[in-house]
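Enquirer: Sequence isn't available, so here's the structure alone:
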């Protein structure tokens, strides 16, 4: 869909995902790395655990659907070449510390003088402006300041960040959306613009209902409740935190006793519980065709939760999934990677995508299209580039450099 | 005034509950004309969410009182209240499809088809329509008709397995994680489709499975399994590239600071800030690898230093020295955060039944050439008459007849 657009991606591991999404939608995304390879190539996990810049699985995952060239934009000659490339491009994606591109003379204002239609998308921890703009923003820090740490974890231990760090992906995805809106806007105005996508704001949106509303409405500060989260309201107005995750025979499932989900689930749940010989009395006294939130005492809620907990603990994840499909119960198993790979719905939809890596002598299974489109295919167009893989294609074929010029630039470590 | 990005784009919004609404909100923030089609008899379930209110149960405007609904619909839309069982209402809807460029919906698969408004039906009315559909598991396959709620789907999206201590079971990161992360990707596809239609005249259908979109974020975790057969291990607050790296106690009740010392240079700065005590000079802490290996010990030293200081003070001291540190923001900290204030992230708006509130927020990115329109949500059926008469050109008599027939819910 986006084949007519060229994107220059000078981001590091904080911004790769933005260009990957545009590439999956068809844009010509050129990943620009410093000679020798981007620092993000050092981020694991690695193919067969071999710590090699050509074998980072993080790199593979988020630089697929891009071509790759090397260029040192810190050197004046490199900047000149970058300016030439920017003249051919629609979008530049960067994730340096705010102000760094300006210090190189490659900020939005400078590039828009070369190419008024250029769109620059900046992925950063706190944004391009404001009092925290220059703060160091490693994942755990910006996640904490975005409100996504304080309520996570058990009350008897410190709050938790994630074991798989992915906060910057949220800003990169927002950045991709902002970039596309800017492209639509450009069609009307003829002008590009600067898209500022801070992780802190991305996370604020991600946790907004739980983290922000309680204070803004009631001056309530939610705390940590472990595997319990979304609160029910008791008939005395106080809040009761219900489990989101429930233990079953071989792992965890997610289930909620609140609202529409329970309305739809009750009948099927009851049938299954009766088959198990479980006393469903604590559930049966409620009219589940309506939302009972706010009507119950603590004891009544606990009776309901204990009854449900007993039922879940009798069964495996796959049994419970089967019940949910047969009887329309709103529950879902927590999948491991292995289980996700075999999950029938994903397999049936052809979600998993085999991507050839000729230099590794094999193909690797990737998550495939993020949406299905009737008009075109949205998914991985090519595996992530090797270091400098498309130098000749871009510099000679596109920019019209001679082979001699290219090799001179290589000797000077510009490329 | 400068043109807005989606000025002239006309949208019918049937999205409800969580994920889907965020897709269409975006169009409304940036200038699209959006009609939100609802039903008072089968209202959006979020209109029932009255947590943190004093609702007493007998207000005739109960469906307008949910702050959660207002908070998740901070974009200007028009409200149309249709009883889709009424033939007149269906005919109205058909006319609106002919008017629209985009139709968005987030029902379980089959609902739109049963109404006679599946993608093929819409295309017959408007050949270049863009339909964006979001549901839990996608619109084909054995689970296509299974209803999905973000709170539950996040499990299948592997998003409830990302945080936890090595000696305990994983804990959820939020209650609706995939509801917020997945729509970003269908938004990207939708905006691309709008641009593609402008260039080619072709519409299309976007079929989103919340699970398939969400799993994109997990790609390295999934590749680690497909290549190395390794499942994600829970590591508490530790990581393999920094130490100290953790959440440390501060002065006050439930106050914490996040600190990450990633390089030797940052380590030197960190040591200076804490006053170069003897422990910082121990040879085993001289290298990053050594600090990571002995991170439990380091954590106890760091915690002993932070615990008598305010979280804000630790953040300022370390950030001034170029070391990553931040207050573990609770809900109050977020409301008072100076960076959010700088971006005017929480905005005030009046609501006829909820009064003035300050939780309406723009999208989480800033465009330099255009500000987002932010405001209260539409009321149920708020613009029935305007939409019928001004947009569709229906006469006063016809409109009165539709009212009598029960076309509006």
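Expert: Looks like it came in fine. Only a predicted model underlies this, so the values are computations on that prediction, with no experimental measurement involved. Numbers count the residues shown, from 1 in each chain, chains lettered A, B, ... in the order given.
Enquirer: residues making contact with stretch A:402-415?
Expert: Outside stretch A:402-415, the residues that touch it by CB atoms under 8 Å, 6 or more residues apart in numbering or on different chains are A:35, A:69-72, A:75, A:77-78, A:81, A:388, A:391-392, A:395-396, A:401. Glycine gets a C-beta too; all of them are placed from N, C-alpha and C.
Enquirer: got the buried residues for it?
Expert: Across stretch A:402-415, burial judged by 16 or more other CB atoms under 10 Å in any protein chain shown covers A:406, A:409, A:414-415.
Enquirer: With stretch B:282-290 instead?
Expert: B:285, B:288.
Enquirer: ends of it, how far apart?
Expert: Counting by CA to CA, to the nearest Å, you get 10 Å between the two ends of stretch B:282-290.
Enquirer: List of residues touching that stretch?
Expert: Outside stretch B:282-290, the residues touching it (CB under 8 Å, 6+ apart) are B:241-243, B:263-264, B:267, B:279, B:291, B:293-294, B:298.
Enquirer: Now with 7 Å, please.
Expert: Here stretch B:282-290 makes contact (CB atoms under 7 Å, 6 or more residues apart in numbering or on different chains) with B:264, B:291, B:294, B:298.
Enquirer: same check, this time on stretch B:55-68
Expert: For stretch B:55-68, the external contacting residues (CB under 7 Å, 6+ apart) are A:209, A:213, A:217, B:40, B:43, B:46-53, B:353-354, B:357, B:379-380.
Enquirer: Now which of the residues you listed would you call buried?
Expert: For these, a burial check counting by 16+ other CB under 10 Å picks out A:209, A:213, A:217, B:43, B:46-53, B:354, B:357, B:379-380.
Enquirer: Can you read off the pLDDT for residue A:291?
Expert: As predicted, residue A:291 sits at a pLDDT of 77.
Enquirer: Check whether residue A:166 really touches residue B:215, as I assumed.
Expert: No - when contacts are counted by CB atoms under 7 Å, residue A:166 is not listed as touching residue B:215 (11.9 Å).
Enquirer: I'd like the average pLDDT over the longest helix along chain B.
Expert: Longest helix in chain B by number of residues, with DSSP state H as the criterion: helix B:177-200. The average of the pLDDT scores along helix B:177-200 is 97.
Enquirer: does any bit of that helix sit next to chain A?
Expert: Yes - Helix B:177-200 comes into contact with chain A (CB under 7 Å from any CB of the partner chain), by way of B:177, B:180-181, B:184-189, B:191-196, B:198.
Enquirer: which strands and helices sit next to that helix?
Expert: If you count contacts as 3 or more CB pairs under 7 Å, 6 or more residues apart in numbering or on different chains; DSSP states H and E, helix B:177-200 packs onto helix A:167-189, helix A:199-206, helix B:19-29, strand B:130-135, helix B:150-156, strand B:204-209, helix B:210-214.
Enquirer: what's the angle between it and helix B:19-29?
Expert: Helix B:177-200 and helix B:19-29 meet at an angle of 50 degrees, taking axes from the mean of the first three to the mean of the last three CA atoms, to 10 degrees as the criterion.
Enquirer: buried set for helix B:177-200?
Expert: Residues B:177-197 are the ones in helix B:177-200 that count as buried (16+ other CB under 10 Å).
Enquirer: go on, stretch B:229-238?
Expert: Here stretch B:229-238 shows B:232, B:234-238 as buried, counting by 16+ other CB under 10 Å.
Enquirer: Give me the mean pLDDT for that stretch.
Expert: Averaging pLDDT along stretch B:229-238 yields 98.
Enquirer: go on, stretch A:318-332?
Expert: 94.
Enquirer: follow-up on the earlier one: buried ones among the contacts of stretch A:402-415?
Expert: The buried subset of the contacts of stretch A:402-415 - by 16+ other CB under 10 Å - is A:35, A:69-72, A:75, A:78, A:81, A:388, A:391, A:395, A:401.
Enquirer: Could you list the low-pLDDT ranges of the chain?
Expert: You didn't pick a chain, so chain A it is. Along chain A, segments meeting pLDDT under 70 are nowhere present.
Enquirer: oops, I was thinking of chain B
Expert: For chain B (pLDDT under 70), the answer is B:1, B:56.
Enquirer: residues touching the residue nearest the centre of chain A, list them.
Expert: What sits nearest the mean C-alpha location of chain A, by CA atoms, centre = their mean, is residue A:169, with 4.3 Å. By CB under 7 Å, 6+ apart, residue A:169 lies in contact with A:17, B:217.
Enquirer: Could you measure from it over to residue B:17?
Expert: Applying CB to CB, to the nearest Å, the value for residue A:169 to residue B:17 is 24 Å.
Enquirer: what do you get for residue B:113?
Expert: Taken as CB to CB, the span from residue B:113 to residue B:17 is 19 Å.
Enquirer: Compare these two and say which one has the larger neighbour count.
Expert: Between residue B:113 and residue B:17, counted using other CB atoms under 10 Å in any protein chain shown, the more crowded position is residue B:17 (22 against 14).
Enquirer: That one and residue A:232, how far apart?
Expert: Residue B:17 sits 18 Å away from residue A:232, going by CB to CB.
Enquirer: Please list the members of the buried ones among the contacts of stretch B:55-68 that lie in helices.
Expert: Using DSSP H, these in helices are A:209, A:213, A:217.
Enquirer: mind putting those residues in CSV, distance to residue B:401 included?
Expert: Shown next, in CSV, are those (distance: CB to CB, whole Å):
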residue, distance to residue B:401
A:209, 41
A:213, 42
A:217, 42
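Enquirer: Closest to the centroid, which residue in chain B?
Expert: residue B:180 (3.1 Å).
Enquirer: For that residue, which non-adjacent residue is closest in space?
Expert: Sequence neighbours aside, residue A:206 is the residue nearest to residue B:180 in space, at 4.4 Å (criterion: CB to CB, 6 or more residues apart in numbering or on different chains).
Enquirer: Likewise for residue B:203?
Expert: residue B:128 (4.0 Å).
Enquirer: Pretty sure the one you found sits in a strand.
Expert: No - checked against DSSP: H, G, I helix; E, B strand; the rest coil, residue B:128 lies outside a strand; its state is coil.
Enquirer: What about it, how many residues nearby?
Expert: Counted with other CB under 10 Å, residues neighbouring residue B:128 total 12.
Enquirer: Quick one: residues contacting it.
Expert: B:197, B:201-203.
Enquirer: residue contacts, residue B:279?
Expert: Residue B:279 touches residue B:301, counting by CB under 7 Å, 6+ apart.
Enquirer: 8 Å instead, please
Expert: Residue B:279 sits in contact with B:285, B:301, where contact means CB under 8 Å, 6+ apart.
Enquirer: for residue B:108, same thing?
Expert: Remark: with contacts taken as CB under 8 Å, 6+ apart, residue B:108 is in contact with B:135-136, B:144-148.
Enquirer: tell me the contacts of residue A:1?
Expert: Residue A:1 neighbours (CB under 8 Å, 6+ apart): A:25-26, A:373, A:375-376, A:378, B:192-193, B:195-196.
Enquirer: Mind doing that once more with 10 Å?
Expert: Contact partners of residue A:1, counting by CB atoms under 10 Å, 6 or more residues apart in numbering or on different chains, are A:24-27, A:373, A:375-378, B:189, B:192-193, B:195-197, B:199-200, B:202, B:204.
Enquirer: now do residue B:33
Expert: B:6-11, B:27, B:76-78, B:99-101, B:391.
Enquirer: Return the member of these nearest to residue A:140.
Expert: Distance to residue A:140 across these (CB to CB) is lowest for residue B:27, with 34.2 Å.
Enquirer: those strands in the chain, which residues are they?
Expert: Here I'm looking at chain A. Using DSSP state E, the strands of chain A run over residues A:6-9, A:28-33, A:66-70, A:91-94, A:119-124, A:194-198, A:228-233, A:239-243, A:245-248, A:251-255, A:331-333, A:352-357, A:362-367, A:372-373.
Enquirer: ah, I was thinking of chain B
Expert: Here chain B has its strands, by DSSP E, at B:10-14, B:33-38, B:78-81, B:102-105, B:130-135, B:204-209, B:245-249, B:256-260, B:324-327, B:347-351, B:355-360, B:366-367.
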